[in-house]
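Visitor: sequence and predicted structure below; questions after.
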Amino acid sequence: MKPFHVLVTDRFELDAYARLQGDSRLRVAKSAEPQPTAEELATVDGLAIRSRTRVDRSLLEKSPRLRVIVTATSGFDHIDLDACRERGIQVMYTPEANAASAAELTWALVLACARRVVDAHRSVKGGDWKRESLIGTQLEGKTYGIVGLGRIGTRVARMAQAFGMKVIAFDPYKENDHFETLGAQRFAIDELFMLADVVSVHVPAADETRGMIHRHLLETANRSLILVNTSRGSVVSEQDLVEGLNMGWISACGLDVYEREPLPRYSGLLNLPNVVLSPHIGATTKEAFAKASWDAAEKLRAFAGSETVSDPLPPTDPWWMAGFSKGSLKSAPTE
């Protein structure tokens, strides 16, 4: 059988890379840079990439034999899906790899906001022991609202219940059985914002979700609300969020993602005392990196052996497909 040539363009967990190399059906090479050269692409059948490798028409033109691309990420805005579809190239991703890490970061931001961890840290480092100014919020007995009960939202719901919180959720694409199994009550999104003490957002970037957290929701929200977004920056209107925080419509916010990344130095979010920020690190754990690498390796091996496809792109997530059905084939932010 003719060898299946695989090019790995970015960081890859060593054992997962060895797994690829140990497959007799494969010839595996490592690119010197995330953006491979025409010479490297000339004989490639499969690509293993991360978000630093941009798959556009130029790259595809240099890849006459390319049949499959696997991105070891949960996002895919670095891939021109239209161009791949036109060339008949199969594209897959690894959506399960970072779910636990993203859920855990969500809770890190919730706790940082509720217990004012960042302020407390700065206080101690600055030699100040005035605890009276660091009064926080106890979560037990409060209501946790979740927007999007998918892989990550479901994990976050179980964590909230472990903290003794009542869970309510908004997800128009989940059946009632899923809510009941999870022990979550279904509410409309505006009701959820009025009732919840904490709201976290777990939906993909899509036409359906762009700007879904906006001025009206924030203006009518529970005034003690803590809002956390570890999903996609496009989901929250930052202009409305800054206004809401300044006006006291909500009490605090934790963000890992932004409308524009890196977050511009002129962003109004940077000057607000009731905001906790992190630089899109939801997937940045050793375990998530390793799992994404292993998942990508196994997908390449399965395709090389029998053209088996799993987690294809475009995704079948109903939030994303709602926009796709209207004629959009836009991809979602990465990692």
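Guide: It's in.
Visitor: all strands for the stretch 151-300 of the chain, in order.
Guide: 166-170, 185-186, 198-201, 226-229, 252-255, 275-277 (DSSP state E, counting those that start in this stretch).
Visitor: so which strand or helix has the closest residue to Ser74 other than its chain neighbours?
Guide: In space, and not counting its chain neighbours, Ser74 is closest to Pro95: 4.8 Å by C-beta to C-beta, 6 or more residues apart in numbering. C-beta here means a position set from N, CA and C on the backbone, and glycine is covered the same way. Using DSSP states H and E, Pro95 sits within no helix or strand.
Visitor: ok, Pro95 - contacts?
Guide: 74, 151, 311, 315 (C-beta atoms under 8 Å, 6 or more residues apart in numbering).
Visitor: what's the longest helix in the chain?
Guide: In the chain, assigned by DSSP state H, the helix with the most residues is helix 286-306.
Visitor: that helix - contacts with which helices or strands?
Guide: Contact here means 3 or more C-beta pairs under 8 Å, 6 or more residues apart in numbering; DSSP states H and E; on that basis helix 286-306 packs against strand 4-8, helix 14-21, strand 26-30, strand 46-49, strand 68-71, strand 90-93, helix 99-114.
Visitor: skip ahead from it and say which helix or strand is next.
Guide: helix 318-324.
Visitor: just how off-centre is that following helix within its chain?
Guide: Here helix 318-324 is found 16 Å from its chain centre; the criterion is C-alpha atoms, centre = their mean, to the nearest Å.
Visitor: one more: stretch 272-288?
Guide: The answer for stretch 272-288 is 11 Å, by C-alpha atoms, centre = their mean.
Visitor: need the distance between the two termini of it.
Guide: 31 Å (C-alpha to C-alpha, to the nearest Å).
Visitor: what is the mean pLDDT for it?
Guide: Across stretch 272-288, pLDDT averages out at 97.
Visitor: for the residue lying closest to Pro36 once chain neighbours are set aside, grab the count of nearby residues.
Guide: Excluding the flanking residues, the one nearest Pro36 by C-beta to C-beta, 6+ apart is Thr9, at 5.4 Å. Residues lying near Thr9 (other C-beta atoms under 10 Å) number 26.
Visitor: isn't Thr9 up against Gly46?
Guide: No - counting by C-beta atoms under 8 Å, Thr9 stays clear of Gly46, with 11.1 Å between them.
Visitor: about what we covered before: who wins for neighbours among the contacts of Pro95?
Guide: Ser74 (27 neighbours).
Visitor: go ahead and confirm that one touches Ser101.
Guide: No - in this structure Ser74 lies outside contact range of Ser101 using C-beta under 8 Å: 10.2 Å.
Visitor: what sits in contact with each of these two?
Guide: Contacts common to Ser74 and Ser101, judged by C-beta under 8 Å, 6+ apart, are Ala283.
Visitor: domains of this protein?
Guide: 4-97+286-324, 99-277 (automatic domain parsing).
Visitor: ends of the last one, what's the gap?
Guide: Spelled out, that is domain 99-277. Terminal residues of domain 99-277 lie 20 Å apart, using C-alpha to C-alpha.
Visitor: show me how far that domain is from its chain's centre.
Guide: Between the centre of domain 99-277 and the centre of its chain there are 14 Å (C-alpha atoms, centre = their mean).
Visitor: stretch 307-324 too?
Guide: From the chain centre to the centre of stretch 307-324 is a distance of 15 Å (C-alpha atoms, centre = their mean).
Visitor: check contacts around Pro264.
Guide: Taking C-beta under 8 Å, 6+ apart, one finds nothing in contact with Pro264.
Visitor: repeat for His178
Guide: With contact set as C-beta under 8 Å, 6+ apart, His178 has these partners: 149, 171.
Visitor: quick one: pLDDT of it?
Guide: For His178, the predicted pLDDT is 97.
Visitor: try Lys330
Guide: 39.
Visitor: low-confidence regions, this structure specifically.
Guide: Across the chain, the ranges flagged by pLDDT under 70 are 1, 323-335.
Visitor: 80 - rerun?
Guide: 1, 320-335 (pLDDT under 80).
Visitor: how near is the residue minimising distance to the centre of it to His214?
Guide: Centroid check for the chain by C-alpha atoms, centre = their mean gives Ser231 as the closest residue, at 4.6 Å. In this view, Ser231 and His214 are 15 Å apart by C-beta to C-beta, to the nearest Å.
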